[in-house]
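*Asks:* Mind folding the following:
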Amino acid sequence: MNTNNKKVLILIRHAKSSWEYDVSDVKRPLKKRGVSDANLVSNHLKEVVLTPDIMLCSPSKRTQETAKIFIENWGFNKVEFKLVNDLYDFSGSDALKVIQSCDDNIQCLMVFGHNNALTTIANNLGNEYIDNLTTSGYVELHFETSSWTNLSLGETKKIVFPKHLK
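*Replies:* Okay, the predicted model is just below:
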């Protein structure tokens, strides 16, 4: 198998955030259930998750806290990690541009982001309809392409939501 003609996109929505604090949206932290759900999903996938070449993350506090849980549980501390302002996106158009602008040397890309952006991307690029990519949700898409720019319909290989594990 020539891996140069394959791309893997992993989408992870931030865990459930707290509305208890009087802070701007970008500064909202996770709530206890969010932390436990992020641990549940990441620990469930620990043995099968693909190691990404790079992880891109929205700069929001809840997304960074979610990424930290997944990264620690998976031992991905040495994988390149970047905060990308355009991933603080709720429609999906900016997030999709970020994905499509990735270097073609990247085979496996992991993105920590928001809804509705991630649900829209998963449904536009995957072959399995997802009503709602839930908080702490994980979706893995595989593509037969050598270029992120040319992403078209791929195969939805894995969907894991906290409710699948409870």
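
*Asks:* so Ile69 sits in a helix?
*Replies:* Yes: counting by DSSP: H, G, I helix; E, B strand; the rest coil, Ile69 is part of a helix.

*Asks:* Skip the chain neighbours and tell me the closest residue to it.
*Replies:* Ala38 (4.2 Å; C-beta to C-beta, 6 or more residues apart in numbering). Bear in mind the C-beta positions are built from the backbone N, C-alpha and C, glycine included.

*Asks:* The one you found: neighbouring residues, count only.
*Replies:* When neighbours are defined as other C-beta atoms under 10 Å, Ala38 has 26 of them.

*Asks:* I'd like the distance from the strand or helix carrying Arg62 to the chain centre, please.
*Replies:* Assigned by DSSP states H and E, Arg62 belongs to helix 61-74. Computed by C-alpha atoms, centre = their mean, to the nearest Å, the chain-centroid distance of helix 61-74 equals 11 Å.

*Asks:* Check stretch 97-109 too.
*Replies:* On C-alpha atoms, centre = their mean, the centre of stretch 97-109 falls 13 Å from that of its chain.

*Asks:* re earlier: name the helix or strand for the residue nearest to Ile69, please.
*Replies:* helix 32-45.

*Asks:* Which elements pack onto that helix?
*Replies:* Packing contacts for helix 32-45, counted by 3 or more C-beta pairs under 8 Å, 6 or more residues apart in numbering; DSSP states H and E, involve helix 61-74, strand 155-160.
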